[in-house]
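J.: the following block contains a protein sequence and its predicted model.
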Amino acid sequence: GESVGLHLPTLSVQEGDNSIINCAYSNSASDYFIWYKQESGKGPQFIIDIRSNMDKRQGQRVTVLLNKTVKHLSLQIAATQPGDSAVYFCAENIQETSGSRLTFGEGTQLTVNP
Amino acid sequence: NAGVTQTPKFQVLKTGQSMTLQCAQDMNHNSMYWYRQDPGMGLRLIYYSASEGTTDKGEVPNGYNVSRLNKREFSLRLESAAPSQTSVYFCASSPRWGRNTIYFGEGSWLTVV
């Protein structure tokens, strides 16, 4: 029989190229955002975060850009390496009357070709 | 640094069996969480403990119970496992509840047959 599965968006890049991974978030009141990296068989690993009062934040080889006008977040990875191959997903902190909580996107599969 | 440690890594259960997933963190964090991750669904919050002595339901609490044993430990119990609970489970912690980075364990792969 034929199996049907849900597939993540994918991005394939050459080693040494820059990668840009995008995320659209849902709530205009979200005030905090995080990017995670998840390698196969492992737990999500924190990469970088950004608060809503900023539009750019840089880390080591990574930059996060926040565009609140269109509710868009991006992760830029400079000089992508094979070890960067993983699923990347964003999380947004949503403020609710009962408090705040993080919600997670499904992710993008990044494949780095040597 | 161990960070967040969860056990077991893999488990196969028969429908109706019970089991407990154990989790401990050594970062002196106040808040702890249990998530499940399923294809196409992203991470979904099962239960959380904002601070020692408190627990609350998340998005998908049905069929689960939790215990915040102390500041370090937060366990997840399946009283009567169902095939729909086949998933990857992640324990996580953060310094406090709210606008905070959450740090995850390595995951527990659970299959219910």
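T.: Yes, it's here.

J.: need phi/psi at B:Pro83.
T.: B:Pro83 adopts backbone torsions of phi -50, psi -30, taken as degrees, to the nearest 10.

J.: run through the residues that contact it.
T.: B:Thr15, B:Val112, B:Val113 (Cβ atoms under 8 Å, 6 or more residues apart in numbering or on different chains). For glycine as for every other residue, the C-beta is placed from the backbone atoms N, C-alpha and C.

J.: same deal with A:Ile77?
T.: By Cβ under 8 Å, 6+ apart, the residues touching A:Ile77 are A:Asn18, A:Ser19, A:Ile20, A:Ile21, A:Arg61, A:Val62, A:Asp84, A:Leu110.

J.: got those residues as JSON lines, with neighbour count, secondary structure and distance to B:Arg68 columns?
T.: Below are the contacts of A:Ile77 laid out as JSON lines (neighbours: other Cβ atoms under 10 Å in any protein chain shown; DSSP: H, G, I helix; E, B strand; the rest coil; distance: Cβ to Cβ, whole Å):
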{"residue": "A:Asn18", "neighbour count": "12", "secondary structure": "coil", "distance to B:Arg68": "43"}
{"residue": "A:Ser19", "neighbour count": "21", "secondary structure": "strand", "distance to B:Arg68": "39"}
{"residue": "A:Ile20", "neighbour count": "12", "secondary structure": "strand", "distance to B:Arg68": "40"}
{"residue": "A:Ile21", "neighbour count": "23", "secondary structure": "strand", "distance to B:Arg68": "35"}
{"residue": "A:Arg61", "neighbour count": "14", "secondary structure": "coil", "distance to B:Arg68": "37"}
{"residue": "A:Val62", "neighbour count": "18", "secondary structure": "strand", "distance to B:Arg68": "34"}
{"residue": "A:Asp84", "neighbour count": "19", "secondary structure": "helix", "distance to B:Arg68": "36"}
{"residue": "A:Leu110", "neighbour count": "22", "secondary structure": "strand", "distance to B:Arg68": "36"}
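
J.: check the residues you listed against chain B, which are close?
T.: Checked against chain B using Cβ under 8 Å from any Cβ of the partner chain, those give no members in range.
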